[in-house]
Every structure is written in structure tokens, then in C-alpha cells.
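Engineer: Take this sequence and fold it.
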Amino acid sequence: MSHPQVRIVTVSAADAGMRLDNYLMRELKGVPKSHVYRIIRSGEVRINKGRVKPGSRLSAQDQLRIPPVRTAVRERPRPPDELIDRVQQSIVYDDGRLLALNKPAGLAVHGGSGVPFGLIEVLRHVRPEQRAELVHRIDRDTSGLLLVAANRAELPRAQTALNDDRAHKIYLAVTAGRWPDAVREVNAPLRRDVPVGGERLVQVAEGGRRAVSHFSIERRWPDATLVAVRIETGRTHQIRVHAAHAGHPLLGDDRYGDEAANRRARATGLRRMALHAWSLALPGLGSQGETLTLQAPLPPELEDFLHQLDQTSP
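Structural biologist: Down below sits the predicted model:
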């Protein structure tokens, strides 16, 4: 057990803007949440010698008093070397403030139930001085561009650029069947957490949140189409649900896809969902304040699948 003692901590720029209670729960691992709130409300925790509330926001260079709290010393588990290498090799852009990674399919962006380490935990392990923060998320089974702020202070800037109306977010997807020339836009509101057959899914529904996807045909085969999808909005599972709504679900999509089409795709070599975050144009994030344009090439397994479609199609 560690020996408790008063600590005076200088808040770093990376933690500026963080709620006091969240900061303490991160720093006081193993301490019950109720005890964290108790020491704040009792006045034992102070910022710049003044009493504070749990929701108080920290500022850089604040002097934070943390009272003696007995905590169990637990060594943080280390991500496997193979996973560390995989994440580091996926970095395609790093300017010290913003990272972009070409995330492999199958890699979760953060740990959770049954997933001890995600991409963000690995980055925080290899860059402990930065405290990386996710700017946005993409599905575990989706590959491609993922943005990470080097620290909490850089997060608002990156999120503002990503949500700017001038930002361009383009995905590549392989859909079932021959996508019709007439369907170039799907403007259909989406509602989350709709119970269907024991699962909670996203569905097109009146009263849902606005969602707009623009589709352009890149290549066609008799039973499949490669489309580029520009999204105006970034709703959960947006492209997957909009493609299914248009009658041409993504190949390899076990949740919203077509079972027969997925079987044919597996027979042609597809072992994952055919969705890839390909391109981002982010206004104001360039080194001189210009638009930052990023691209992530298709991973080998999707390139191989497209090649197989070429070989097996008449």
C-alpha cells in the first residue's frame, strides 16, 4: 500500500479545461467515487488555496491540493508489443498537435468490455507526456483515417475543424448489387438504439437526427459496386444504414447487410466489412492555417478483394 501524504500538483496545459472530479478519479485510481466527492465537498481539495466544487474546471498552472488518500498501488498493464507496433505503424500524420492514423479494421479505438486495449490506450502508453484524446470515432470493423489530438488542450481546435461545414469526409465502400446512377444522395434521419430482435440498432425514422450522405460510383461489377461516400453529418452507423436504406447494403456488414450477398463476398475473399475512411479535408488545421488534406490508402485486404472481383467478374 502507498503511504498517503498531501500533494500539491501544478495543472498542465494538457489537462486544462478538465473537470476537477474527473481529474481526481483519474489520479486517485482505486479510490471510491463517493470518497473523491467527499474530500472535495469537505474542502480538503483546493485550487489555488480556495474551496472548489466537483464540476470546477481546471486551468493551466493551477495549484491543486490533493489531501492524503490511501490508494492501492497497481501497476498499469502494458499493451502487447505487437499491438504497439501495429498502432505506431498506422500513423500517417503527426505535427505535434494532431495525429492521424490509418486504423486497421478490427482494432477498437478504445478499450471496453472484452477489449483490454484500444488504439487510444496504446497511444497514451507510448506517449505518456501527451495524454492523447480521440477527436472522433470510427467503428471497430471500419479501417481508415482516425484523428487524435496530442492532448486535451488541442481537442477543441480539432473537433471544430472536423465539424466545420467546409470539412470534407469521404469514405470508400463496397456495396451489394449494382448501385443505380439515379441514387446520388440519401437524406434520411436516423434514430439510435432502436430495439430489433434483441439488438439495439440505428434506423431511418421520422423524428431522428438529420443525416445526409452523398454517393458517387467508382467501379461496378455484376454483384457489387465501389462507391465513394461524402458525409455531411457524422451519425452513428450513418453510411451503413443509408446504404441499406438505398437497397445496397455494405458487403461484410453483419448488422445491416444482406446475408446472401455477404456469403458470396466471403467466397470471393472478403473477411471484414468493406468500409474505409479514405479522405479528410480539415479547414484551418494546416501549419499556416490552410486546409489540411489527409488520405489513407485502402488496406491490402480490401485491395485484394477488389482484385478478386475483377478476376471473377465476366
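Engineer: ok, longest helix in the chain?
Structural biologist: The residue-count maximum for a helix in the chain (DSSP state H) belongs to helix 300-312.
Engineer: Can I get that one in PDB? Just the C-alpha atoms.
Structural biologist: Listed next in PDB are the C-alpha coordinates belonging to helix 300-312 (Å, rounded to 0.1, in the frame of the first residue of the first chain):
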ATOM      1  CA  PRO A 300      -4.200  -4.700 -48.600                       C
ATOM      2  CA  GLU A 301      -7.100  -7.000 -47.700                       C
ATOM      3  CA  LEU A 302      -9.600  -4.600 -49.500                       C
ATOM      4  CA  GLU A 303      -7.300  -4.100 -52.500                       C
ATOM      5  CA  ASP A 304      -7.100  -7.900 -52.700                       C
ATOM      6  CA  PHE A 305     -10.900  -8.200 -52.600                       C
ATOM      7  CA  LEU A 306     -11.300  -5.700 -55.400                       C
ATOM      8  CA  HIS A 307      -8.800  -7.600 -57.400                       C
ATOM      9  CA  GLN A 308     -10.700 -10.800 -56.800                       C
ATOM     10  CA  LEU A 309     -13.900  -9.100 -58.000                       C
ATOM     11  CA  ASP A 310     -12.100  -8.100 -61.200                       C
ATOM     12  CA  GLN A 311     -10.800 -11.700 -61.700                       C
ATOM     13  CA  THR A 312     -14.200 -13.400 -61.100                       C
END
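Engineer: Quick one: distance of it to the chain centre.
Structural biologist: Put simply, helix 300-312 sits 27 Å off its chain's centre (CA atoms, centre = their mean, to the nearest Å).
Engineer: tell me what that helix is packed against?
Structural biologist: Packing partners of helix 300-312 (3 or more CB pairs under 8 Å, 6 or more residues apart in numbering; DSSP states H and E): strand 168-176, strand 212-221. Quick note: C-beta positions are derived from backbone N, CA and C, even for glycine.
Engineer: show me what contacts the residue nearest the centre of the chain?
Structural biologist: Residue closest to the mean C-alpha point of the chain, counted by CA atoms, centre = their mean, is R137 at 1.7 Å. Shown in contact with R137 (CB atoms under 8 Å, 6 or more residues apart in numbering): V109, L146.
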